[in-house]
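# Attaching a predicted model along with its sequence, questions to come.
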Amino acid sequence: MIKPHGGRLINRYVKTGSVAPLRGLPRVRLSEVALSDLYNIADGTFSPLTGFMRGPELGDVINRNKVNGVPWTIPVVLDADKAAVNGLKKGKSIALEGDDGKVVARMELEDIYTHKKDEYALKVFGTRDRRHPGVNLAYEMKEYLLGGKVHVFRKQDNVKNYLSPLEVRKIITDKGYKSVAGFQTRNVLHRAHEYLQRCALEHVDGLFLQPIIGWKKKGDFTADAIIKAYREFISDYYPGNRVVFGTLKTAMRYAGPKEAVFHAIIRKNFGCTHFIVGRDHAGVGGYYGKYEAHDIFDKIGDVGINILKFKEPLYCKKCDLVVTEKTCGHGPEYHQEISGTLVRKIIKNGHQPKHKIFRPEVYKILLKEFKRKHLFY
């Protein structure tokens, strides 16, 4: 079994659920993004993190792509406004509460520092343009950041098809897989994704399909739509003994190549030995080059997981197949783009995507289960 990032799987859950020791502690309410990050720290999804990043750790991430001496590319921070920060003291504990006002964790407050949003945006996303959804989210954060270890005593509720890293690792062991390819998506399955997954299955024992169902930009597919489409497709088309399906509740950052590294590290923590990276992984709006997410793995150093780099899948009218530039010799006049952006646009406009780029069975499942307007955030 592949070792987790940093050498061990972190567990920040505490066995006692008593809130008595938390009485009288200052409280900080978590945003939707910070709450999902808290749980991902707690169950080891974000190993080797043991809490929200302190100032020096954030500096290492955005300037050197490192945390605790290992590769890491995406900040995991807790924001708070001036009113919440007033009266807080480093070295003391604070209580963290969810949006329902209930305390979910205790945090050892090790750092309080200013959120330098311009620097954060430029170094994480490569732009300060607020039309970029990740940049806009960063600018909407509060003006201070809090860092320190967390002790979590409430597990996240009502996350459909959630499997923890420990659970997935046990499934991999029980199934006897020696190699597993992880696949990241924020979309329902289209033909390009199917092509990448089938290609990967030719080389590994198992496939771990794990769509993100946390915060996403307006217009993306909803979590329910993605889960329904994937579960139906897997049951009808893939060998059941070679595919594991689970969801990941974390925010999409849309940080392109840096997020590709982040996604690979996460799947390493779930026990994957390989990770699939295609065209413009985690990109949005043309902010990143088509294969920047390939190139970053050559620059950043070994992240401890094999990266399966795939060229862009296209439908070739002459081959009558899904192909890539490595497998097809025909010119662009024969090629049809296949992407989540294109599929979403077609469905939003009231049309059914052509079967060459999107399986009609998946389309029928979506329209049967959801009204068209309920397919998207």
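Okay, I see it.

# Can you pull the phi/psi pair for K373?
phi -70, psi -20 (degrees, to the nearest 10).

# for it, what are its contacts?
The contact partners of K373, by C-beta atoms under 8 Å, 6 or more residues apart in numbering, come to none. For glycine as for every other residue, the C-beta is placed from the backbone atoms N, C-alpha and C.

# what's the answer for the one 4 residues further on, then?
With contacts taken as C-beta under 8 Å, 6+ apart, Y377 has the following neighbours: K216, K217, K218, G219, D220, F221, T222.

# again, 10 Å this time
By C-beta atoms under 10 Å, 6 or more residues apart in numbering, the residues touching Y377 are W215, K216, K217, K218, G219, D220, F221, T222, A223, A225.

# same deal with K368?
So K368 contacts K228, E232 (C-beta under 10 Å, 6+ apart).

# change it to 6 Å
K368 sits next to no residue when contact means C-beta atoms under 6 Å, 6 or more residues apart in numbering.

# repeat for M252
Residues counted as contacts of M252 (C-beta under 6 Å, 6+ apart) are R186, I212, K216.

# Most neighbours out of these, which is it?
Counting neighbours by other C-beta atoms under 10 Å, the top entry in the contacts of M252 is I212, with 23 neighbours.

# coming back round to it: with distance to E361 and secondary structure as extra columns, can I get the contacts of M252 in JSON lines?
As requested, these are arranged in JSON lines below (distance: C-beta to C-beta, whole Å; DSSP: H, G, I helix; E, B strand; the rest coil):
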{"residue": "R186", "distance to E361": "21", "secondary structure": "coil"}
{"residue": "I212", "distance to E361": "23", "secondary structure": "strand"}
{"residue": "K216", "distance to E361": "24", "secondary structure": "coil"}
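
# Who are the contact partners of V188?
Contacts of V188 (C-beta under 6 Å, 6+ apart): F221, A225, I226, A229.

# and the nearest residue to E57 once chain neighbours are set aside, how many neighbours does it have?
Closest residue to E57 apart from its sequence neighbours, by C-beta to C-beta, 6 or more residues apart in numbering: V67 at 5.7 Å. Residues lying near V67 (other C-beta under 10 Å) number 23.

# all numbers from here: first residue = 665
New numbering, starting at 665: the last item is V731.

# Determine how far the last residue of stretch 973-990 lies from the first.
End-to-end distance for stretch 973-990, by C-alpha to C-alpha, to the nearest Å: 12 Å.

# Tell me which two of the contacts of V852 sit farthest apart.
F885 and A893 (8.3 Å; C-beta to C-beta).

# For stretch 804-816, buried residues please.
When neighbours are counted by 16 or more other C-beta atoms under 10 Å, the buried residues of stretch 804-816 are found to be M805, K806, Y808, L809, L810, G811, G812, K813, V814, H815, V816.

# Just confirm the last one contacts N675, I think it does.
Spelled out, it's V816. No - judged on C-beta atoms under 6 Å, V816 makes no contact with N675 at a distance of 9.4 Å.

# Restricting the selection to alpha carbons, write stretch 748-755 to CSV.
Extracted C-alpha coordinates of stretch 748-755, given in CSV (Å, rounded to 0.1, in the frame of the first residue of the first chain):
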residue,chain,number,x,y,z
ALA,A,748,-14.0,37.7,15.7
VAL,A,749,-10.2,38.3,16.2
ASN,A,750,-10.6,40.9,18.9
GLY,A,751,-9.6,39.4,22.2
LEU,A,752,-8.1,36.3,20.7
LYS,A,753,-4.6,35.4,22.0
LYS,A,754,-2.0,33.1,20.5
GLY,A,755,-1.2,30.1,22.6
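
# For that stretch, give the mean pLDDT please.
Stretch 748-755 shows a mean pLDDT of 94.

# Next: stretch 1018-1033.
Here the average pLDDT along stretch 1018-1033 is 91.

# Tell me the gap between that stretch and the middle of its chain.
25 Å (C-alpha atoms, centre = their mean, to the nearest Å).

# dump the residue contacts of the residue nearest to E721.
Contacts of V731 (C-beta under 6 Å, 6+ apart): E721, D724, V725.

# Kindly report the same for V788.
Counted by C-beta under 6 Å, 6+ apart, V788 has contacts A919.

# Equivalent analysis for H958, please.
Taking C-beta under 6 Å, 6+ apart as the criterion, H958 is in contact with K973.

# about what we covered before: tell me the one of the contacts of V852 nearest Y1027?
Using C-beta to C-beta, the contacts of V852 come closest to Y1027 at A893, 9.0 Å.
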